[in-house]
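Enquirer: What follows is a protein structure lacking sequence information:
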């Protein structure tokens, strides 16, 4: 994927279809994370890209377009990517701790 803006084409059952030029790619939504005043989506291709393992995913910064549609920009800053995944891990850990308390 290049770093041009990607508009949502369809969202159904946590599947997000992004357009990059003429190509459409379906992603499974793993999580939505608020970090440092921005909202990020952790997305994994439904059909993994060559060389990608099933525990890898991409981070996209989500913003609103002029028509109020969601705009997904792939995040390339390694510090932000690491911080977003760290927030995700904290959410998973908190969720697991809440389940253990019940």
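Expert: Nice, thanks for sending it over. Model, not experiment: these values are computed from the prediction. Residues are numbered from 1 along each chain as shown.
Enquirer: what about the helices in the protein?
Expert: Taking DSSP state H to define them, one finds helices in the chain at 78-101.
Enquirer: just for it, where's the confidence low?
Expert: Segments of the chain classed as low confidence (criterion: pLDDT under 70) are 1-13, 102.
Enquirer: Would you state the strands of it in chain order?
Expert: Residue ranges of the strands in the chain, as given by DSSP state E, are 6-12, 15-20, 23-35, 38-45, 58-64, 70-74.
Enquirer: could you redo the ones you listed as JSON lines and give each row mean neighbour count and distance to residue 80?
Expert: Quick note: C-beta positions are derived from backbone N, CA and C, even for glycine. Output for the strands of the chain, formatted as JSON lines (neighbours: other Cβ atoms under 10 Å; distance: least, Cβ to Cβ, whole Å):
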{"stretch": "strand 6-12", "mean neighbour count": "14", "distance to residue 80": "17"}
{"stretch": "strand 15-20", "mean neighbour count": "18", "distance to residue 80": "19"}
{"stretch": "strand 23-35", "mean neighbour count": "15", "distance to residue 80": "7"}
{"stretch": "strand 38-45", "mean neighbour count": "19", "distance to residue 80": "8"}
{"stretch": "strand 58-64", "mean neighbour count": "18", "distance to residue 80": "7"}
{"stretch": "strand 70-74", "mean neighbour count": "18", "distance to residue 80": "11"}
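Enquirer: Nearest to residue 82, out of those?
Expert: Across these, the minimum distance to residue 82, taken as Cβ to Cβ, is reached by strand 58-64, at 9.3 Å.
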